[in-house]
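Novice: here is a sequence together with a model predicted from it:
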Amino acid sequence: MLSREGFCKALRMIRDQESIDEQFSKALNLVGDGHFVFGTENKYLLALRDVLKEAVNDQYDYIDWWLYEAADDFEVWETDCTMKYCLKEPEALYDFITGTLKPAPVSSGESTSQQEQGDVKMKGLPPLSEMERIEQTLLVEKLDEILERVDKEDIGFVITENGLPDMVLIPFRWFAENFPDEVPDGL
């Protein structure tokens, strides 16, 4: 297994490089017509993320979430909303993925707030790492085909932007099965 120190160093280096790539893209935009994006589909970065995921057995794509999608508080809640984990630092993320991080209890007011926000883990969804991916620009060209596959094959897609996860497209029935009270009558 990858050491905690090696894992954290790699995550910090990814963030540093992405900051450099973003600065470079902004510089390109100054001299171009605004259609430059540097670092998309970077094979080294994709390979490094895959190696990190495998090395720490990140079955649920917490590394990608931490790098690209996490809220400012970097909190993850248990399904019953009674315990939470703060994953602000790479060390906490490593400990969480490897199962050594201890959760913090949640106050009753905080728990209710979290439940009202609807931040509840959906049951029966495959890990994002097992879902097919499609770039947003390609989705435009293949939308009908993708929607038909989602419906007929009962699968979901991770929609990427510049090679990074951006959205998830799933069949409506997956949502309806997890949140039946949210589905209007007749749907």
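Specialist: In hand now; what should we look at?
Novice: and Val168, which of the three is it?
Specialist: Under DSSP: H, G, I helix; E, B strand; the rest coil, Val168 falls in the strand class.
Novice: got a list of what it touches?
Specialist: Going by Cβ atoms under 8 Å, 6 or more residues apart in numbering, Val168 touches 128, 131, 156-159. Backbone N, C-alpha and C define where each C-beta goes, glycine included.
Novice: so what pLDDT did the residue positioned nearest the centre of the chain get?
Specialist: Nearest to the mean C-alpha position of the chain, counting by Cα atoms, centre = their mean, stands Trp65 at 3.3 Å. For Trp65, the model assigns a pLDDT of 87.
Novice: ok, the one 5 residues further on next?
Specialist: Each residue has a pLDDT score; the one for Ala70 is 78.
Novice: do you know how far the residue nearest to the centre of the chain is from Leu46?
Specialist: Distance of Trp65 to Leu46, computed by Cβ to Cβ, to the nearest Å: 16 Å.
Novice: ok, now Asp151?
Specialist: When distance is defined by Cβ to Cβ, Asp151 is 29 Å away from Leu46.
Novice: check Glu141 too.
Specialist: Relative to Leu46, and taking Cβ to Cβ, Glu141 is found at 22 Å.
Novice: number of residues surrounding Ala70?
Specialist: 16 (other Cβ atoms under 10 Å).
Novice: oops, could you answer that again for Trp77 instead?
Specialist: Neighbour tally, Trp77, other Cβ under 10 Å: 20.
Novice: and it, bridged to which residues?
Specialist: Beta bridges link Trp77 to Lys84, judged by DSSP bridges.
Novice: what mean pLDDT does the strand or helix carrying Arg49 have?
Specialist: Using DSSP states H and E, Arg49 sits in helix 43-56. Mean per-residue pLDDT for helix 43-56: 90.
Novice: cool, stretch 79-98 as well?
Specialist: 89.
Novice: same thing with stretch 144-161?
Specialist: Averaging pLDDT along stretch 144-161 yields 90.
Novice: what residues sit buried inside that stretch?
Specialist: Going by neighbour count (16 or more other Cβ atoms under 10 Å), the buried part of stretch 144-161 is 146, 150, 155-160.
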